[in-house]
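Asks: prediction below, plus the sequence it came from.
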Amino acid sequence: MKICLDVKCTGCAACVNACKRRCISMREDELGALHPIVDENKCIQCGLCSKVCPNNLELAFHYPKTCYASWIKDSEKRKICASGGIGTILSEYVLGIGGVVFGSRYNDSLVPIMTYMESVLDLDYFKGSRYVQSIVGNETFQKVKAFLNDGRMVLFVGTPCQVAGLMGFLRKEYENLITVDLICHGVSPTKYLMEEIGWLSQKYHTKGIKDIRFRGNDGNNFRLTLWNKDSRKLFPGTNYREKILRLSESQQYYITGFLKGITMRENCYTCNYARPERISDITIGDFIGLGREVPFSYPTNNVSSVLINTPKGEDFYKKVSEAQYDLVNVERNYEERLKYRPSLMEPFKRHKLNYKFVKLYKKYGYLKAIHLTLWSVMLVKQMKVYLHVWTYIYRIPRKVYRLLIQKS
């Protein structure tokens, strides 16, 4: 039984959560991406899985009413946040009034999962961008519904397709539910990251990994970094040689494949949610392009765009802004954010190397496939690292350095 087309399946697990007979499980396909598999021996053909699948529904989309450039002023609180720390401030508000927050974090095995918190003490585990598919469990949406039926305020923060999966599962509106979707570049299968971490751990002899980060206001932006329980960085290393040569830049295979659009799930290349109209009450993400054409009176680094999409989202965000003195909102024209097209006007484009990666993956698996696919890209990166070092050591003029970079 096919619930939806494989190429459109997002792995949202709405079908798994909805099945009363527990005859659907999520399994990896030939490229390591999770898809639902139906046990025909248990299935009673009720069709509920197809009814809740967002690919089979006409979902409500909303054009944003207001666009803000926003950030929280507390730099320490924002240190490991992806950009402006808006997810943190929204979560603090909901937890402060006795609500529940659902979002992504790593479990004890470093697998990214969608789960919930009821205490602000757990908030640090949910901060930052994952740049990987976070697994929605068999009962995640069921727990959301249970909290809602108990009258608790629920904040659900996820990718647009995860929000769509939740809406399909719930099949009705809840006044005590606030949905927040992330401006999503796309996701790579969880399996890829797990294999990458295993390879890095073995290569660099890292032990005691407790956190994986890709973004942060701590100088580690758009890089995969590994940390222990005391928030000391394990990879890239901190020895003098690596600080100078930054050799680790040529070992960033996972994030390079992700950012270039080589290793994403198939559905991400034709994403239904990469459009100006949004699926949730509020949309948050980096404010790319801020101040380029219309002057902005504040620093533009690590500022979030906050899109208010529904009256419920508008009312909620107003309450948050009034209660949280640390939050700064500067209203901007939505057209300014739309000028950076990927993820808001169209899906992120498939890189031409994706076809090579897919072919190699089917033959060798992730690790060998990504290394064979990216070897020339990484070689150029390493050359740029050495050119940068030579420029610093031998005082090569910047004009000559830029010329060498262009030629490499």
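Replies: Structure received.
Asks: all contacts plus neighbour counts: C-alpha atoms, from now on.
Replies: Will do.
Asks: now stretch 337-352: buried residues?
Replies: By 16 or more other CA atoms under 10 Å, the buried positions in stretch 337-352 come out as Arg337, Leu338, Pro342, Ser343, Leu344, Glu346, Pro347, Phe348, Lys349, Arg350, His351.
Asks: now these as CSV including distance to Ile72, pLDDT and secondary structure?
Replies: As requested, the buried residues of stretch 337-352 are arranged in CSV below (distance: CA to CA, whole Å; pLDDT from 0 to 100; DSSP: H, G, I helix; E, B strand; the rest coil):
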residue, distance to Ile72, pLDDT, secondary structure
Arg337, 19, 96, helix
Leu338, 23, 96, helix
Pro342, 26, 90, strand
Ser343, 24, 92, coil
Leu344, 24, 95, coil
Glu346, 29, 95, strand
Pro347, 29, 96, coil
Phe348, 28, 95, coil
Lys349, 32, 96, coil
Arg350, 34, 97, coil
His351, 35, 97, coil
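Asks: just put the residues you listed in TSV and tack on distance to Tyr269.
Replies: Formatted as TSV, the buried residues of stretch 337-352 follow (distance: CA to CA, whole Å):
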residue	distance to Tyr269
Arg337	21
Leu338	19
Pro342	11
Ser343	10
Leu344	13
Glu346	9
Pro347	6
Phe348	6
Lys349	6
Arg350	6
His351	10
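Asks: my guess is Ser188 meets Ile262, correct?
Replies: No - the pair Ser188 / Ile262 is not scored as a contact, 9.0 Å apart, by CA atoms under 8 Å.
Asks: pull stretch 209-220 out as PDB, backbone CA atoms only.
Replies: Listed next in PDB are the C-alpha coordinates belonging to stretch 209-220 (Å, rounded to 0.1, in the frame of the first residue of the first chain):
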ATOM      1  CA  ILE A 209      30.800  13.700  22.400                       C
ATOM      2  CA  LYS A 210      27.600  15.300  23.900                       C
ATOM      3  CA  ASP A 211      26.700  17.900  21.300                       C
ATOM      4  CA  ILE A 212      26.800  18.500  17.600                       C
ATOM      5  CA  ARG A 213      26.500  22.100  16.300                       C
ATOM      6  CA  PHE A 214      26.400  23.700  12.900                       C
ATOM      7  CA  ARG A 215      25.600  27.300  13.800                       C
ATOM      8  CA  GLY A 216      26.300  29.700  16.600                       C
ATOM      9  CA  ASN A 217      27.100  33.200  17.700                       C
ATOM     10  CA  ASP A 218      30.400  31.900  19.100                       C
ATOM     11  CA  GLY A 219      32.600  32.000  15.900                       C
ATOM     12  CA  ASN A 220      31.600  28.500  14.800                       C
END
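Asks: so what touches it?
Replies: Residues outside stretch 209-220 that contact it (CA atoms under 8 Å, 6 or more residues apart in numbering) are 78-83, 106, 108, 110, 128-131, 221-229, 234, 302.
Asks: give me the distance between it and the centre of its chain.
Replies: Remark: stretch 209-220 is offset 13 Å from the chain centroid, using CA atoms, centre = their mean, to the nearest Å.
Asks: quick check: buried residues in that stretch?
Replies: Buried residues in stretch 209-220, defined by neighbour count with 16+ other CA under 10 Å: Ile209, Lys210, Asp211, Ile212, Arg213, Phe214, Arg215, Gly216, Asn217.
Asks: just the closest of these to Tyr63, please.
Replies: Of all those, Tyr63 sits closest to Arg215, with 28.1 Å by CA to CA.
Asks: the closest one and Gly158, how far apart?
Replies: 16 Å (CA to CA, to the nearest Å).
Asks: repeat that for Asn329.
Replies: 22 Å.
Asks: cool, and Lys319?
Replies: 21 Å.
Asks: what sits against the closest residue in space to Cys81 that isn't next to it in sequence?
Replies: Spatial nearest neighbour of Cys81, excluding adjacent residues (CA to CA, 6 or more residues apart in numbering): Gly128 at 4.5 Å. The contact partners of Gly128, taken as CA under 8 Å, 6+ apart, are Ile80, Cys81, Ala82, Arg213, Phe214, Arg215, Gly216.
Asks: can you list the residues that contact the helix or strand that contains Ala69?
Replies: With elements taken from DSSP states H and E, the one containing Ala69 is strand 66-72. With contact meaning CA under 8 Å, 6+ apart, strand 66-72 is reached by 78, 83-86, 89, 287, 302-309, 326-334.
Asks: got it, and stretch 327-343?
Replies: For stretch 327-343, using CA under 8 Å, 6+ apart, the contacting residues are 64, 66-73, 89, 183-185, 273-276, 287-290, 305, 321, 344-345, 348-349.
Asks: cool, stretch 91-101 as well?
Replies: For stretch 91-101, using CA under 8 Å, 6+ apart, the contacting residues are 116-120, 123, 147, 152-157, 320, 323-324.
Asks: can you do 6 Å?
Replies: Counting by CA atoms under 6 Å, 6 or more residues apart in numbering, stretch 91-101 makes contact with Tyr116, Met117, Glu118, Arg152, Met153, Val154, Leu155, all of which sit outside it.
Asks: ok, the fifth one touching Asn176?
Replies: So the one you mean is Met153. Yes - if you go by CA atoms under 6 Å, Met153 and Asn176 touch, sitting 4.8 Å apart.
Asks: quick one: which of these two has more around it?
Replies: Met153 (22 against 15; other CA atoms under 10 Å).
Asks: next secondary structure after the helix or strand bottoming out on mean pLDDT in the chain?
Replies: Sorted by mean pLDDT, DSSP states H and E, the helices and strands of the chain end with helix 240-245, the least confident at a mean of 44. Per DSSP H and E, helix 240-245 leads on to helix 253-259 as the next helix or strand towards the C-terminus.
Asks: list the contacts of Arg27.
Replies: Leu34, His35.
Asks: now do it, the pLDDT please.
Replies: Listed pLDDT for Arg27 reads 96.
Asks: helix/strand/coil for it?
Replies: strand (DSSP: H, G, I helix; E, B strand; the rest coil).
Asks: next one: it from Ile135, what distance?
Replies: Distance, Arg27 to Ile135, by CA to CA: 11 Å.
Asks: equivalent analysis for Lys312, please.
Replies: For Lys312, the distance to Ile135 - CA to CA - is 27 Å.
Asks: for the stretch 301-408 of the chain, what spans make up the helices?
Replies: 311-323, 334-338, 353-364, 366-394, 398-407 (DSSP state H, counting those that start in this stretch).
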